[in-house]
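Enquirer: The following comprises the amino acid sequence and a computationally predicted model.
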Amino acid sequence: MALLKRLDTLEVATADLADAVRVYRQNFGFDLQPGSAADSVTLKVGGAEIRLVAGAAAVAATGSSGEGLSGLWLEAEDVGQVAAALKRAGIEPPPPRIDQGRRVLALDPRIANQVPLYIFDRKA
């Protein structure tokens, strides 16, 4: 049984949200919608979402480049099973937090090639 069900969201940090929206519309023809926060917009690709996020925290998450992938959200059947598998692999995951009705493991970017990785389930 696979521990992860699907890719949910890719978060992409941008220093200039208006310019990023223009690029995604002009170059790729995406229909972007306002996000849940004032400094974000979203677009759907298949069953997943790309969230363009502006602001200091989003840009800081990318490290020195300032723009790029700032978060990868994966849905799991059970976060507890994922945490147990990580422990068996020698990785000590943090305790899950509750966020928007989901249990979320916010994993250290050092274990995922410097990408902030969030694994969640809907069992909050």
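Expert: Here it is on my side, so go on. In this text the structure is predicted, and so the values were computed from the model without any measurement. Residues are numbered from 1 along each chain as shown.

Enquirer: now the strands for this protein?
Expert: 4-13, 33-34, 40-45, 48-53, 68-76, 97-99, 102-107, 117-121 (DSSP state E).

Enquirer: a markdown table for those strands, including mean neighbour count and distance to Tyr24?
Expert: (C-beta placed from N, C-alpha, C; glycine too.) What follows is the strands of the chain, written out as a markdown table (neighbours: other CB atoms under 10 Å; distance: least, CB to CB, whole Å):
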| stretch | mean neighbour count | distance to Tyr24 |
| --- | --- | --- |
| strand 4-13 | 17 | 9 |
| strand 33-34 | 10 | 12 |
| strand 40-45 | 16 | 6 |
| strand 48-53 | 19 | 7 |
| strand 68-76 | 19 | 14 |
| strand 97-99 | 12 | 26 |
| strand 102-107 | 20 | 26 |
| strand 117-121 | 21 | 22 |
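
Enquirer: need these in a markdown table with mean pLDDT and distance to Gly90, can you?
Expert: Listed next are these as a markdown table, based on pLDDT from 0 to 100; distance: least, CB to CB, whole Å:
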| stretch | mean pLDDT | distance to Gly90 |
| --- | --- | --- |
| strand 4-13 | 91 | 19 |
| strand 33-34 | 88 | 41 |
| strand 40-45 | 90 | 34 |
| strand 48-53 | 91 | 30 |
| strand 68-76 | 90 | 19 |
| strand 97-99 | 94 | 22 |
| strand 102-107 | 94 | 14 |
| strand 117-121 | 94 | 16 |
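
Enquirer: Redo those strands as CSV? Include distance to Ala83.
Expert: Putting the strands of the chain into CSV (distance: least, CB to CB, whole Å) gives the following:
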stretch, distance to Ala83
strand 4-13, 13
strand 33-34, 33
strand 40-45, 28
strand 48-53, 23
strand 68-76, 10
strand 97-99, 12
strand 102-107, 6
strand 117-121, 9
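
Enquirer: closest one to Asn27 among those?
Expert: When the strands of the chain are compared by CB to CB, strand 40-45 sits nearest Asn27, at 12.4 Å.

Enquirer: Good, we can wrap up now.
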